[in-house]
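Engineer: A structural model of the following input is requested.
(chains A and B, ligands or ions: 3)
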Amino acid sequence: MSTVTNTIFSPELAARFDHLVTIYPVKRSALVPMLLYAQDEIGYVSDAAVSEIAVRIGINDLEVRNVLSYYSMLRTKPAGKYNVQVCTNISCMLRGGYGILDHCKKTLGIGHKETTADGTFSLEEVECIGACCWAPAMQVNYDFHDELTPEKVDVVLQQYRDGQGKDVK
Amino acid sequence: MPTLVSHPDEVKIVSRRFGQGAADIEKYIELDGYKAVQLAISQGAEMSNWIINTMKASGLRGRGGAGFPTGMKWSFVPKVSEKPKYVLVNGDESEPGTCKDHVIFLHDPHSVIEGTMIAGLAIGSKLGFIYLRGEYRYLLKQVEKAVADAYAKGFLGKNIFGSGIDFDIITQTGAGAYEVGEGSALMESLEGKRGVPRIKPPFPAVVGLYGGPTVINNAETIANAPHILLMGGEAYAKLGTERNGGTRLFGISGHVERPGVYELPMGYSLRKAIYEVAGGIKDGKKLKAVVPGGSSCPVLTADEIDVGLDFDQMGKAGTMLGSGGIVVLDETVSIVEFAMRVISFYQHESCGWCIPCREGTDWIKKTLTRVYNGGGSKKDVDNVQYLAENMMGRTFCPLGDAAAMPTLGFVKKFRKEFEDYIEGHKAGTTLITVEQLVGAGH
Ligand SMILES: Cc1cc2nc3c(=O)[nH]c(=O)nc-3n(C[C@H](O)[C@H](O)[C@H](O)COP(=O)(O)O)c2cc1C
Ligand code: SF4
Ligand code: FES
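Structural biologist: Ligands and ions are numbered 1, 2, ... in the order given. Predicted structure coming up:
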């Protein structure tokens, strides 16, 4: 049973949040993970999510928004079902990262931070994702795909289209 | 999946269990796991001193970037404190060119857990945090499972290994911010705030997380602790060079034949690391430059690579060992483009708190972009140098320096290339086009 009545989250996530605020020396430490997990479930951090998280932690909405706006992975608008994040930082750039980004733009027909009309994919150019030795690399949602070539990108994107992607949550 | 690599010159300490399924607790135990923490506990009343002295003797220096001696860091924590003490493991790993902690979390998460327990026992803490960058979700799951397995075995929680001491671990995720890798910004993030750094002093060893004394270490630093206790501090120290004990993970990326994360003794030759360990320059091309320890380290030219990979030798060579991320550039790279990409990153990541960093990174980026687009004048190179020099040491946290140092390296060592570029003679093949730059997300 959730401590918040009328939660907007699934029963599993609500239960997880109930637990999360109890494990830290201060409740507020749960804020960043809660925002991220809320986004994972809803697709973005909605106004309702902000309000409920604020209540759960015992701070006001503005304090939540202030933190929310700092972190680059958090968004307040929906993205595609699969968010394709291509790294173009130095190690990836040296091994063709910009070519991979261009290929994604062309194949998906969208630019940086845009979403395809059917809502399946969105695209983002991102900074180093910690896969430099396996460059060029990208993440689709939380899944890493590395040592990419344009051909490999096509295969990966098709897997998601077919509902065969790994899709870690 | 990260490809595992291997080379005969490697000395595998922290990477000993890689590729052996040690994420599974039974396998970890079979491979001497959780022995070090028990050995520490068996020292009885001398436990804390024994751990700290062993760590001091090992000559281990922090693998997060700055190379601060770990044993000494632990010894700074007051023995008695009214507030609870904490251990904080930094797995934010966001310095471009760095992916070594990634491999530790993937292949040997229990070594991080055991190391956290050891640090806790050394400083008298009952609670440790393992903070992973938000992008590392699959690794967070791996670490969460490892922590749960350790609890299930009774290794974590109440009265660990019959010591009468309780120790808990909380795993935590970030949500995307390079600056949060900085120790005090990480503490802010963990307290549920924006990742703005704190003023020092007071240092975290005295006033850290929740105001309590806190030890913060990089994940690789922590993962070394169990190995050091088991093999002995002196034995570990001997693997490396003077004042630079042991081995470290080097991520070699960019234009090499066999990129990967290799564990080499401290002081190992940079030339050999590139030409032998990583198989030399890709496609038989010539070497142009090396960024030796993550993107914030000043570049070395092809003539400057006869240097040993330890903190002191790299310092003497005018650069840094940093995070151990060696990025190799072949002859086709335009340093103007590369420098621009590096400063774009720092401009994007500057938290904007202090003016020299916020404005400095922005102006350097603008100036280099103008140069890059063909509208530069010779004075621009001086301007870039002037801006970077005036950022050095004048910012609130070291991110300002991290942006200025590589910039200075590029314009000082490759000045002629910048000038030639301005005169319309571009070196190298294009890696970023103007369109890509304009459409850039950074
Ligand atoms: C801007 C900035 C980013 C940093 N990022 C990281 C990081 O991602 N991981 C890390 O371990 N240390 C990082 N550091 C260094 C930490 O502040 C801190 O020195 C380190 O975690 C201490 O651990 P060590 O002594 O084991 O190296 C960063 C420092 C700065 C200034
Ligand atoms: S140096 Fe940069 S990142 Fe650090 S506090 Fe100042 S503006 Fe923020
Ligand atoms: S530079 Fe692309 S993953 Fe590090």
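Engineer: pull the CA atoms of stretch B:69-86 into PDB?
Structural biologist: Extracted C-alpha coordinates of stretch B:69-86, given in PDB (Å, rounded to 0.1, in the frame of the first residue of the first chain):
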ATOM      1  CA  PRO B  69      47.400   9.100  -1.700                       C
ATOM      2  CA  THR B  70      44.600   6.900  -0.500                       C
ATOM      3  CA  GLY B  71      46.000   5.800   2.800                       C
ATOM      4  CA  MET B  72      46.700   9.400   3.800                       C
ATOM      5  CA  LYS B  73      43.200  10.400   2.800                       C
ATOM      6  CA  TRP B  74      41.700   7.800   5.000                       C
ATOM      7  CA  SER B  75      43.900   8.800   7.900                       C
ATOM      8  CA  PHE B  76      42.600  12.400   7.800                       C
ATOM      9  CA  VAL B  77      39.200  11.300   9.000                       C
ATOM     10  CA  PRO B  78      38.800  12.100  12.700                       C
ATOM     11  CA  LYS B  79      38.700   9.000  14.900                       C
ATOM     12  CA  VAL B  80      35.900  10.400  17.000                       C
ATOM     13  CA  SER B  81      33.000  12.200  15.500                       C
ATOM     14  CA  GLU B  82      29.600  13.200  16.800                       C
ATOM     15  CA  LYS B  83      28.100  13.000  13.300                       C
ATOM     16  CA  PRO B  84      28.100   9.700  11.400                       C
ATOM     17  CA  LYS B  85      30.900   9.100   9.000                       C
ATOM     18  CA  TYR B  86      30.400   8.000   5.400                       C
END
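Engineer: tell me the pLDDT of the residue in chain A that ligand 2 sits nearest to.
Structural biologist: The nearest approach of chain A to ligand 2 comes at residue A:70, 11.4 Å away (Cβ to the nearest ligand atom). No exception for glycine: its C-beta is placed from N, CA and C like everyone else's. Among the per-residue scores, residue A:70 holds a pLDDT of 95.
Engineer: ok, residue A:169 next?
Structural biologist: So, for residue A:169, pLDDT stands at 67.
Engineer: picking up where we left off before, could you look up the SS state of the closest residue to the residue of chain A closest to ligand 2 other than its chain neighbours?
Structural biologist: Nearest non-adjacent residue to residue A:70, counting by Cβ to Cβ, 6 or more residues apart in numbering or on different chains: residue B:194, 4.1 Å away. Secondary structure, DSSP: H, G, I helix; E, B strand; the rest coil: residue B:194 is coil.
Engineer: on that earlier part again, so who does the residue of chain A closest to ligand 2 touch?
Structural biologist: With contacts defined as Cβ atoms under 8 Å, 6 or more residues apart in numbering or on different chains, the neighbours of residue A:70 are B:177, B:194, B:195.
Engineer: do the same with residue B:157
Structural biologist: Counting by Cβ under 8 Å, 6+ apart, residue B:157 has contacts B:151, B:166, B:167, B:168.
Engineer: next, work out how far apart it and residue B:169 are.
Structural biologist: Distance of residue B:157 to residue B:169, computed by Cβ to Cβ, to the nearest Å: 9 Å.
Engineer: and what of residue B:47?
Structural biologist: For residue B:47 relative to residue B:169 (Cβ to Cβ), the value is 19 Å.
Engineer: helix or strand for residue B:252, which one?
Structural biologist: Element membership for residue B:252 (DSSP states H and E) is strand B:247-254.
Engineer: so residue B:75 touches residue B:54, yeah?
Structural biologist: No - Residue B:75 is beyond contact range of residue B:54, at 11.8 Å (criterion: Cβ atoms under 8 Å).
Engineer: out of these two, which sits in the busier spot?
Structural biologist: With neighbours defined as other Cβ atoms under 10 Å in any protein chain shown, residue B:75 and residue B:54 compare such that residue B:54 has more, 26 against 18.
Engineer: state the distance from the more buried one to ligand 2.
Structural biologist: Distance from residue B:54 to ligand 2, counting by Cβ to the nearest ligand atom, to the nearest Å: 35 Å.
Engineer: what's that residue in contact with, if anything?
Structural biologist: Under the criterion of Cβ under 8 Å, 6+ apart, the contact partners of residue B:54 comprise B:71, B:228, B:229, B:232, B:233.
Engineer: if we use 10 Å, what do you get?
Structural biologist: Each residue near residue B:54 by Cβ atoms under 10 Å, 6 or more residues apart in numbering or on different chains is listed here: B:36, B:39-40, B:43, B:60, B:71, B:118, B:122, B:225, B:228-234, B:236.
Engineer: surely it forms part of a strand?
Structural biologist: No - looking at residue B:54 with three-state DSSP, it is helix, so not inside a strand.
Engineer: quick one, grab the pLDDT at it.
Structural biologist: 98.
Engineer: now do the helices in the stretch 51-200 of chain B.
Structural biologist: With DSSP state H, counting those that start in this stretch as the criterion, the stretch 51-200 of chain B has helices at B:70-75, B:100-107, B:109-123, B:137-152, B:183-190.
Engineer: check the gap between the residue nearest to residue B:31 when sequence neighbours are not counted and ligand 3 for me.
Structural biologist: Using Cβ to Cβ, 6+ apart and skipping the chain neighbours, the partner closest in space to residue B:31 is residue B:17 (5.2 Å). Using Cβ to the nearest ligand atom, residue B:17 is found at 24 Å from ligand 3.
Engineer: SS state for residue B:17?
Structural biologist: coil.
Engineer: to what extent is it buried, counted in neighbours?
Structural biologist: Count around residue B:17 with other Cβ under 10 Å applied: 23.
Engineer: same check, this time on the one 5 residues further on
Structural biologist: Other residues near residue B:22 come to 22 when the count uses other Cβ under 10 Å.
Engineer: who touches it in this structure?
Structural biologist: By Cβ under 10 Å, 6+ apart, the contact set of residue B:22 is B:16, B:28, B:29, B:30, B:31, B:33, B:107, B:108, B:109, B:110, B:111, B:146.
Engineer: at 8 Å what do you get?
Structural biologist: Residue B:22 neighbours (Cβ under 8 Å, 6+ apart): B:28, B:31, B:33, B:107, B:108, B:110, B:111.
Engineer: same thing with residue B:359?
Structural biologist: Residue B:359 neighbours (Cβ under 8 Å, 6+ apart): none.
Engineer: lowest-confidence helix or strand of chain B?
Structural biologist: Every helix and strand of chain B was ranked by mean pLDDT, DSSP states H and E. The lowest is helix B:434-438, at a mean of 62.
Engineer: run a quick neighbour tally on residue B:8.
Structural biologist: Quick note: residue B:8 (other Cβ under 10 Å) scores 6 neighbours.
Engineer: please identify the helix or strand for it.
Structural biologist: Applying DSSP H and E, one finds residue B:8 in no helix or strand.
Engineer: ramachandran angles for it?
Structural biologist: Phi and psi for residue B:8, reported as degrees, to the nearest 10, are phi -60, psi -30.
Engineer: and what of the one 3 residues further on?
Structural biologist: Torsion angles at residue B:11 (phi, psi; degrees, to the nearest 10) stand at phi -120, psi 110.
Engineer: burial check on it, number of neighbours?
Structural biologist: Neighbours around residue B:11, by other Cβ under 10 Å: 18.
Engineer: so it sits against residue B:248, correct?
Structural biologist: No - contact criterion Cβ under 8 Å: residue B:11 and residue B:248 do not qualify, at 10.0 Å.
Engineer: re earlier: how distant is the strand holding residue B:252 from the center of its chain?
Structural biologist: On the basis of Cα atoms, centre = their mean, to the nearest Å, strand B:247-254 is displaced by 11 Å from the centre of the chain it belongs to.
Engineer: that strand packs against which elements?
Structural biologist: helix A:90-94, helix B:100-107, strand B:260-265, strand B:325-330 (3 or more Cβ pairs under 8 Å, 6 or more residues apart in numbering or on different chains; DSSP states H and E).
Engineer: of the contacts of residue B:54, keep whichever come out buried.
Structural biologist: Among the contacts of residue B:54, those classed as buried by 16 or more other Cβ atoms under 10 Å in any protein chain shown are B:36, B:39-40, B:60, B:71, B:118, B:122, B:225, B:228-229, B:231, B:233, B:236.
Engineer: which one of these is nearest to ligand 3?
Structural biologist: Using Cβ to the nearest ligand atom, residue B:60 comes nearest to ligand 3 of the buried ones among the contacts of residue B:54, at 25.4 Å.
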